[in-house]
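In: have a look at this prediction, sequence included:
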Amino acid sequence: MDITTLSADTGWAAGLTPLDALARRSNLLGADRSIANYGGGNTSSKVTEVDHTGREVQVLWVKGSGSDLATIAANGFTGLRLDEIVPLVQRGAMTDEEMVEYLARCQLAPGMPRASIETLLHAFVPAAHVDHTHPDTIGAIVGANDGERVAQECFGADAVWIPYIRPGFALSKLVAEAVAAAPDTKLVLLAKHGLVTWGDTPESCYASTLEAVRRAGDFAEQRGSARPGARANGPKSSARDVLLARVLPALRGAVSVDGRRVAQVDVSPAVVSFVSTDGAEELSQLGAACPDHLVHTKRRPLWVDFDPRADDAETLKRRLVESVAGFQERERAYFEEHAAPEDRLLDPSPRVVLIQGLGMVTLGRTLKAARLARDLYHRAIAVMNGATSLGGFVSLTDAESYAVEYWPLELYKLSLSPPPREFEGAVVLVTGGAGGIGSAVARTLSELGACIVVTDIDTEHANAVAESLGDAVALRLDVTDETSVAEAYDKAALAFGGVDVVVSNAGIATSAPIEDTTLELWERNHAVLTRGYFLVAREAARLLREQGRGGSIVFVGSKNGLAAGKGASAYSSAKAAELHLARCLAEELGPDGIRVNVVNPDAVLEGSRIWDSSWREERARGYGIDPDELEAHYRARTTLKVNVVPADVAEAVVFLASAVRSGKSTGNVINVDGGVAGAYPR
């Protein structure tokens, strides 16, 4: 680890208010995830403030629960009257509930966030500024088999050692007593947990943390032993991707027992090296590298054996599904063994799946959660490797793990997340996603929490749409090409683990009298609008059945699928075939819980690249009007006297895609055309 230690006189806090300096120090620590995990650690400063009565009071500013050091701002800290907290060190005991209620009464203002779980630790350490972090290099020491001895070798009298105890009053009192008994100590090491440092100024406190991290890193480099060698090499990257694409939907289906999950694949060198190393399976099953990881990664990952020389995709798929079932049973047994009467079983499925020689898959209810599990397990790998090199890794016992994982104060932090959106955890693939309707559909579903796969033959515009959404990827897809369609689904699986909703929207439109309709024109319409919809639906059916959790396919059809289109026989007949294909698929896929429905828009000119082509002139010519008069013409012919825009179509697609809104509807058609009597379904 390359760390540049800041000295106390670097002056980075100059000119900042005490609270802004605390936020700045926190951000500096959080900027390096090898020092401060996402959401983990806490910081504080003790300063003099003027309260609402105008009196000067000593205030402890401490990180609010549920915030992250990397991004916390001044308003993320809680101010508490220090003189009301320090005397608590004289108490013999204090429950978590008593502590939370007491601290709430000490707040400067009622609207502040709940104070950190470890507020008392910060209050009891007699220093103006205190940092509590979980650095990788420190984790290797506090997570070593004989950690206290290793710590003594590394830090000598500069550190005091605290045996493992869950955060709260008892731990805070132990730290206070240890620091009081050794006034010259510079830091506290919490067994199986982390680091506490302090300083007289914000800069010196930050420098103390970095110095402790540096010393631990240097010690490990000098004293540590090499990890065992790697096993047989895994498959090449291209073969690996094909293999993962084949097995991920089944894995995703297996873990989604209480709601959809998003998957993230990690085949980075650090991960592949770990899962390819002798002893990695045993090491990974010892337990979590840090209590802060537990609620995001669980006690242990799921380890799955894989031998590329003997195992194929079907073997790995079967092994994954069976292993997930075994993991879920073990989690239920673990819960039943340790649960209190009021506890409720959390997600029993693995959050981290390690595949021998191949890589890691992490899973979460959201993309953010899956990525957080991934990032935290990188930290776990570093800690486990480091502790192993220092003599062996040790983790929390199952009872200790349960006490953290189901701890109300830890669960409270998770409760601060916003309520789940309707499509949270869902993956939606949209064809023709660069166009007006496709991009509107993608945007609307993204706003409702879905991860979006924007596909289009126009990759430039598809990329622009995906970049505007956030949790989205863009893929090139030619719906008329069988290979292109299959590859798009494979890439969607690699991006998010699978697909739940397919919106088949890619299209073209042409207009010509029958005698002017060439065979090429006819076949082009049917290639995109009939063959394309068939290929997209066929691959969707394969993937959705593989997942085994149902799903929704929505065709974006046309009014012309129901009403004869004068001068547009190629387009209209293709749309009619499309409509009947949807009916056939609804009947065929229904037993698997896969719904197939159709939205029939008409004359959606806004944002449409089809209407910006020769189609506008062709249709205007057919009606004997100027192209600029088309919108008024279409509005006048509707029963409602309205024009249809992409957002209108998107709302209908959302309705049919949603199991909440239309979960018992399949084989249906919704017209979004303002009312065209000739297209009323009969």
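Out: Yes, it's here. Numbering: from 1, shown residues only.
In: show me what the longest helix anywhere in the chain is packed up against.
Out: The helix spanning the most residues in the chain, taking DSSP state H as the definition, is helix 313-338. When contacts are defined as 3 or more C-beta pairs under 8 Å, 6 or more residues apart in numbering; DSSP states H and E, helix 313-338 sits against helix 237-255, strand 302-304, strand 352-355, helix 398-405. C-beta here means a position set from N, CA and C on the backbone, and glycine is covered the same way.
In: now the most far-flung residue of the chain relative to its centre: how far from Leu69?
Out: Centroid-distance maximum for the chain: Glu515 at 55.1 Å, with C-alpha atoms, centre = their mean. For Glu515, the distance to Leu69 equals 73 Å [C-beta to C-beta, to the nearest Å].
In: most neighbours per residue, which of the helices and strands packed on helix 313-338?
Out: Most buried of those, by mean neighbour count (mean count of other C-beta atoms under 10 Å): strand 352-355, with a mean of 26.
In: run me through the strand neighbours of that strand, direction for each.
Out: Sheet pairing of strand 352-355 (DSSP bridges) gives strand 302-304 (parallel), strand 359-364 (antiparallel).
In: to Gly111, which of the ones you listed lies closest?
Out: Minimum separation from Gly111 across the strands paired with strand 352-355 (C-beta to C-beta) falls at strand 359-364, 30.4 Å.
In: report the distance from the closest one to the chain centre.
Out: 10 Å (C-alpha atoms, centre = their mean, to the nearest Å).
In: got the angle between it and helix 237-255?
Out: Here strand 359-364 runs at an angle of 30 degrees relative to helix 237-255 (axes from the mean of the first three to the mean of the last three C-alpha atoms, to 10 degrees).
In: about what we covered before: for my notes, confirm the residue farthest from the centre of the chain occurs in a helix.
Out: Yes: secondary structure of Glu515 (DSSP: H, G, I helix; E, B strand; the rest coil): part of a helix.
In: what distance do you get for it to Ser569?
Out: 11 Å.
In: now Pro135
Out: Pro135 is 71 Å from Ser569, by C-beta to C-beta.
In: who has more neighbours out of the two?
Out: Set Pro135 next to Ser569 and count neighbours by other C-beta atoms under 10 Å: Pro135 wins out with 31 against 20.
In: I'd say that one and Val213 touch.
Out: Yes: counting by C-beta atoms under 8 Å, Pro135 touches Val213, with 4.6 Å between them.
In: intersection of neighbour lists for these two?
Out: Contact criterion C-beta atoms under 8 Å, 6 or more residues apart in numbering; residues shared by Pro135 and Val213: Ile35, Leu195.
In: quick one, strands of the stretch 401-550 of the chain?
Out: 427-430, 451-456, 472-476, 501-504 (DSSP state E, counting those that start in this stretch).
In: okay if I get those as TSV plus mean neighbour count?
Out: Output for those, formatted as TSV (neighbours: other C-beta atoms under 10 Å):
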stretch	mean neighbour count
strand 427-430	31
strand 451-456	30
strand 472-476	21
strand 501-504	29
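In: need the ones you listed in JSON lines with distance to Pro418 and mean pLDDT, can you?
Out: Shown next, in JSON lines, are the strands of the stretch 401-550 of the chain (distance: least, C-beta to C-beta, whole Å; pLDDT from 0 to 100):
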{"stretch": "strand 427-430", "distance to Pro418": "20", "mean pLDDT": "98"}
{"stretch": "strand 451-456", "distance to Pro418": "17", "mean pLDDT": "98"}
{"stretch": "strand 472-476", "distance to Pro418": "19", "mean pLDDT": "97"}
{"stretch": "strand 501-504", "distance to Pro418": "22", "mean pLDDT": "98"}
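In: quick one: closest of the helices and strands packed on helix 313-338 to Leu605.
Out: Nearest of the helices and strands packed on helix 313-338 (C-beta to C-beta): helix 237-255, 37.8 Å.
In: what does the domain assignment say about the protein?
Out: For the chain, automatic domain parsing gives the domain ranges 18-223, 237-415, 427-608+645-670.
In: most packed of those?
Out: Greatest average neighbour count among the domains of the chain goes to domain 427-608+645-670 (a mean of 21), per mean count of other C-beta under 10 Å.
In: for it, what is the distance to the chain centroid?
Out: Relative to the centre of its chain, domain 427-608+645-670 is centred 26 Å away, using C-alpha atoms, centre = their mean.
In: that one: end-to-end distance?
Out: One end of domain 427-608+645-670 sits 23 Å from the other (C-alpha to C-alpha, to the nearest Å).
In: which stretches of the stretch 501-650 of the chain have low pLDDT?
Out: Along the stretch 501-650 of the chain, segments meeting pLDDT under 70 span 606-616, 618-620, 622.
In: what about the helices in it?
Out: 519-526, 532-547, 569-589, 614-623, 630-637, 646-657 (DSSP state H, counting those that start in this stretch).
In: list the helices and strands the third one packs on?
Out: For helix 569-589, the contact count by 3+ C-beta pairs under 8 Å, 6+ apart identifies helix 519-526, helix 532-547, strand 551-556, strand 594-601 as packing neighbours.
In: contacting residues around the third one?
Out: So that's strand 551-556. 432, 437, 441, 499-505, 507, 533, 537, 540-541, 544, 578-579, 581-582, 585, 589, 593-599, 601, 649, 653, 656-659.
In: can we see that at 7 Å?
Out: 437, 500-505, 533, 537, 540, 544, 578, 582, 585, 594-599, 601, 649, 653, 656-657 (C-beta atoms under 7 Å, 6 or more residues apart in numbering).
In: over to the last one?
Out: Contacts of strand 594-601 with the rest of the structure, by C-beta under 7 Å, 6+ apart, involve 437, 541, 544, 550-559, 561-562, 579, 582, 585-586, 589, 644, 649, 652-653, 656, 665-673, 679.
In: having no further points to raise, I will conclude here.
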